[in-house]
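Asker: Turn this into a model:
(2 chains)
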There are 2 protein chains.
Amino acid sequence: MAPSPAQADSILHARWVIPVEGPADVLHHHAVVIRDGAIADILPSEQARQRWHSDDTLELGHHALMPGLVNAHTHAAMSLFRGLADDLPLMTWLEEHIWPAEGRWISEQFVHEGTRFACAEMIRGGTTCFADMYFFPEAIARAAHEAGLRATIFSPLLDFPTPMAQGPDDYLRLAIAAHDNWRHEALIQVGFGPHAPYTVSDEPLARVVTYAEELDAPVMMHIHETAFEVSSAEQASGERPLARLARLGLLSPRLLAVHATQLTDAEIALLADHGVTVVHCPESNLKLASGFCRTADLQAGKVNLALGTDGAASNNDLDMFGEMRTAALLAKGVAGRADALPAADIIEMATLGGARALGLDQQVGSLAPGKQADMIAVDLGELETQPVYNPLAQLVYACARHQVSHTWVAGQCLMANRRLTTLNEERVRRDARAWGEKIAGASDDT
Amino acid sequence: MAPSPAQADSILHARWVIPVEGPADVLHHHAVVIRDGAIADILPSEQARQRWHSDDTLELGHHALMPGLVNAHTHAAMSLFRGLADDLPLMTWLEEHIWPAEGRWISEQFVHEGTRFACAEMIRGGTTCFADMYFFPEAIARAAHEAGLRATIFSPLLDFPTPMAQGPDDYLRLAIAAHDNWRHEALIQVGFGPHAPYTVSDEPLARVVTYAEELDAPVMMHIHETAFEVSSAEQASGERPLARLARLGLLSPRLLAVHATQLTDAEIALLADHGVTVVHCPESNLKLASGFCRTADLQAGKVNLALGTDGAASNNDLDMFGEMRTAALLAKGVAGRADALPAADIIEMATLGGARALGLDQQVGSLAPGKQADMIAVDLGELETQPVYNPLAQLVYACARHQVSHTWVAGQCLMANRRLTTLNEERVRRDARAWGEKIAGASDDT
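Answerer: Sure, this is the predicted structure:
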């Protein structure tokens, strides 16, 4: 006599399951079984129908089911500035547009509503976890919590005052307070976000090293973003920024080095030796003409790679599917090898690589029994993704984010058949439009 | 007494009209009036309601109305091979995958059904005109004609036999026959497509020069696609391919030089002097690691630039919105200047630049009274394209092709609210899936 089936919260049958780690790149006609927010089983659909029972089953007949995407670097609230200023030299863009706009508009309310708007875009685009670095970390955390997204919030640190804080002591105090306030919330993690080598001096950086270790928190920093950053540091001090950070003890598996477009072979080895993650933001690097990240060389050097969109003011979207494609294409162009970073590696960078960077790879980043059910279903049945010879290639090279039909975080469905469940899409869009009108109207005044 | 309004076939009221050439980059709350397939008037919506009448009016309240996109280089039927082989070195990809697949599968029927499938994707993505280069030009023309798309078909020419022809005489005979057969069809133009400098010898190239002039037909050729192409020609003959083509008289405003990733300053001047168009295919160049096209330098040197996706087997889509974004981003990265090729210039490259390349700029490529009504409406109301500070930036940097709501060619609506009118989407998709299954099944056999 067959044993009676076990009870599951949901069972998802998919044409293709992309586990990202495990014995196969692609499983055909498999089911993912969810119980208590976690993955209880992954097995052929036929077997799942025998062994598991649930009142909530979903047939994803033309879909790939894969881990949710991890956007490892963004400034989510800046989505409200999307398209405010484009096609400008970096310093003109920053000094004449972005900094004045931030000075005038940034507030707790701006960050909360801007981040909520960004969360809606991320859920719609298949992102289940994001690493944010922006002012007012508590407002960011509130928005992520409302949305039901997993988030690591890197509380900013600068030498100079902003609408958020007066100086290093103040920034660090707020970072630690945010860390404490949110430490019991399973989906939210707070880390330290010293902005860049040229905006944070040694003393506060040394304190970041100590606090991050004490609190077991990750650290994110823009590092070697442009040639100018590196050469001006060398001229001023004789030391390249990475050497300085190494001297200060900042290089460790806790560190996410964002951009890293200027790396020598020795620096790649240094990052590998210390277990630092490089967060690659190819579209931002291109748009701001920052330089090219040597992703194929970093991969060969065993450096963990994660993928980020950067903020929507310099990208101009939070589209991780687009970012995967750009990363895949650009890696080949930069390496001069058409076999550099194949589709499977790009998908890993956008999922497990990001989870590793954030210290979350035991919980998320791949589909495996015991891991949290952070997943997306992607409908490959559209005309633009036919025929399907290889679902990995379709996901990276042909698929668009609107083909994401469902998004789950810890088993909670945040989007079902393109309808958001935690956020009110219409309200979020209306808020964004209202901010846009206010900001544009004010610029017309001046 | 006000004069009674004139009769129009349709009146389209749009939140933004992007004419591409004329006094302003963006017109707000304007109407485009269509009569007999052409643009009869462009004027503020309020005035249009007084001066024009039509039973067919459309209110595009959140949309940008712009010229249809011109995909200036593709091999449309290869869409049936989309994702068949990726992430491989160029010669492995060609010799072990693409050429064997072509040898086994290419036929009139394959090209007809494959091109029809590609036409559906192009209409859905806002392309109204495409420049194709593939076997069996009459089959391509039939598919474009069924779809209602504008097309220039470059009939192939190679030194060696393929399923289409035995050798140069045969290819040229078929090209001239196709040109004659379709010369009375307003939307279809047939030109000459000598494949590349390394696959076509001097004698047939000289004949192309003569025939193209006699027939007033354009010529398309892959030129300086890779460093290897250029260096091996130099080694074999002491002459760079462009110098050879110049010597043979091929450089003229009729010529579309596709790829052109390897150009000296002198070669840029040579292209400019002869009025040659460069067709930029950034995603194909990246994916095949071919090299970087110096688009900002070409623009500064007054070379006409057009934009192409290349075939879906090396891209892997026919997405001109994606291609615009990649072109805009990559131009900045390659030039090292964040102000290189701003959004307006990219839109021109993807519309009027392509029309110029094909000798069609008196008819299409911009919105102006007297021009053919080849247009698209793009819905910028989606969350991902909010707020709208600048519709040009949104179109290039944030918009996705599924936001195209309507596509018109010569005033005929080929897609209305995402529904195709000339092609049966379901049938086209089913055909593509069936081809995919047949081709994949056969590879499994071997």
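Asker: What is the neighbour count of the nearest residue to residue A:410 once chain neighbours are set aside?
Answerer: Computed as C-beta to C-beta, 6 or more residues apart in numbering or on different chains, the closest residue to residue A:410 that is not its neighbour in sequence is residue A:37, at 4.1 Å. Quick note: C-beta positions are derived from backbone N, CA and C, even for glycine. By the criterion of other C-beta atoms under 10 Å in any protein chain shown, residue A:37 has 15 neighbours.
Asker: same thing with residue A:255?
Answerer: Residues within reach of residue A:255, counting by other C-beta under 10 Å, total 26.
Asker: So what does it have for phi and psi?
Answerer: The phi/psi pair for residue A:255 (degrees, to the nearest 10) reads phi -90, psi 130.
Asker: ok, the residue nearest to residue A:410 to chain B distance?
Answerer: Per C-beta to the nearest C-beta, to the nearest Å, residue A:37 is found 27 Å from chain B.
Asker: Just to check, that residue is in contact with residue A:412?
Answerer: Yes: under the criterion of C-beta atoms under 8 Å, residue A:37 makes contact with residue A:412 at 7.2 Å.
Asker: Show me what from the stretch 1-150 of chain A comes close to chain B.
Answerer: Residues of the stretch 1-150 of chain A lying near chain B by C-beta under 8 Å from any C-beta of the partner chain: A:80, A:82-84, A:86-90, A:93, A:117, A:120-121, A:124-125.
Asker: picking that back up, quick one, grab the pLDDT at the residue nearest to residue A:410.
Answerer: Looking at residue A:37, its pLDDT reads 98.
Asker: dump the residue contacts of it.
Answerer: Counting by C-beta atoms under 8 Å, 6 or more residues apart in numbering or on different chains, residue A:37 touches A:9, A:372, A:373, A:410, A:411, A:412.
Asker: could these go into CSV alongside neighbour count, secondary structure and distance to residue B:179?
Answerer: Putting the contacts of residue A:37 into CSV (neighbours: other C-beta atoms under 10 Å in any protein chain shown; DSSP: H, G, I helix; E, B strand; the rest coil; distance: C-beta to C-beta, whole Å) gives the following:
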residue, neighbour count, secondary structure, distance to residue B:179
A:9, 16, coil, 64
A:372, 27, strand, 62
A:373, 27, coil, 59
A:410, 19, coil, 63
A:411, 17, coil, 62
A:412, 15, strand, 61
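Asker: ok, of the residues of the stretch 1-150 of chain A next to chain B, which come out buried?
Answerer: Buried subset of the residues of the stretch 1-150 of chain A next to chain B (neighbour count, 16 or more other C-beta atoms under 10 Å in any protein chain shown): A:80, A:82-84, A:86-88, A:90, A:93, A:117, A:120-121, A:124-125.
Asker: on that earlier part again, in strands, which of the residues of the stretch 1-150 of chain A next to chain B appear?
Answerer: Among the residues of the stretch 1-150 of chain A next to chain B, the subset assigned to strands under DSSP state E is empty.
Asker: pLDDT check: weakest of those?
Answerer: Within the residues of the stretch 1-150 of chain A next to chain B, residue A:90 has the lowest pLDDT, namely 79.
Asker: about what we covered before: ok, so of the residues of the stretch 1-150 of chain A next to chain B, who is nearest residue A:4?
Answerer: Comparing these against residue A:4 with C-beta to C-beta places residue A:124 closest, at 39.2 Å.
Asker: re the thing from before, can you tell me which of the contacts of residue A:37 is nearest chain B?
Answerer: Of all the contacts of residue A:37, chain B sits closest to residue A:412, with 20.5 Å by C-beta to the nearest C-beta.
Asker: Need phi/psi at whichever residue of the stretch 1-150 of chain A sits closest to chain B.
Answerer: Minimum separation of the stretch 1-150 of chain A from chain B (C-beta to the nearest C-beta) falls at residue A:87, amounting to 3.6 Å. Residue A:87 has phi and psi values of phi 60, psi 30 when expressed as degrees, to the nearest 10.
Asker: ok, now which ones touch it?
Answerer: Applying C-beta under 8 Å, 6+ apart, the residues near residue A:87 are B:338, B:339, B:341, B:342, B:343, B:393.
Asker: do the same with residue A:351
Answerer: Going by C-beta under 8 Å, 6+ apart, residue A:351 touches A:20, A:66, A:67, A:68, A:69, A:70, A:365, A:366.
Asker: how deep is the first one tucked in, by neighbour count?
Answerer: Counted with other C-beta under 10 Å, the neighbours of residue A:20 add up to 20.
Asker: cool, and the third one?
Answerer: Other residues near residue A:67 number 30, with proximity taken as other C-beta under 10 Å.
Asker: distance of the spatially closest residue to it that is not a sequence neighbour from residue A:374?
Answerer: The spatial neighbour of residue A:67 that comes closest, neighbours along the chain excluded (C-beta to C-beta, 6+ apart), is residue A:351 at 4.2 Å. To residue A:374, residue A:351 is 9 Å away according to C-beta to C-beta, to the nearest Å.
Asker: which neighbours do the two share?
Answerer: Shared contacts of residue A:351 and residue A:374, counting by C-beta under 8 Å, 6+ apart, come down to A:67, A:68, A:365.
Asker: thinking again about what came up before, is it possible to get TSV of the contacts of residue A:351 that adds secondary structure and pLDDT?
Answerer: Output for the contacts of residue A:351, formatted as TSV (DSSP: H, G, I helix; E, B strand; the rest coil; pLDDT from 0 to 100):
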residue	secondary structure	pLDDT
A:20	coil	98
A:66	strand	98
A:67	strand	98
A:68	coil	98
A:69	strand	99
A:70	strand	99
A:365	coil	98
A:366	coil	98
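Asker: Make a markdown table out of the residues you listed and add distance to residue A:440.
Answerer: As requested, the contacts of residue A:351 are exported to a markdown table (distance: C-beta to C-beta, whole Å):
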| residue | distance to residue A:440 |
| --- | --- |
| A:20 | 42 |
| A:66 | 38 |
| A:67 | 38 |
| A:68 | 34 |
| A:69 | 31 |
| A:70 | 33 |
| A:365 | 39 |
| A:366 | 43 |
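Asker: Which helix or strand contains the residue in the stretch 151-300 of chain A positioned nearest to chain B?
Answerer: Chain B sits closest to residue A:286 of the stretch 151-300 of chain A, with a gap of 3.8 Å, by C-beta to the nearest C-beta. In the assignment (DSSP states H and E), residue A:286 maps to helix A:282-287.
Asker: could you say what helices and strands that helix packs with?
Answerer: helix A:320-335, helix B:320-335 (3 or more C-beta pairs under 8 Å, 6 or more residues apart in numbering or on different chains; DSSP states H and E).
Asker: Check whether the last one comes near chain A.
Answerer: Yes: using C-beta under 8 Å from any C-beta as the criterion, contacts between helix B:320-335 and chain A involve B:322, B:325, B:326, B:328, B:329, B:330, B:332, B:333, B:335.
Asker: Many thanks, have a good one.
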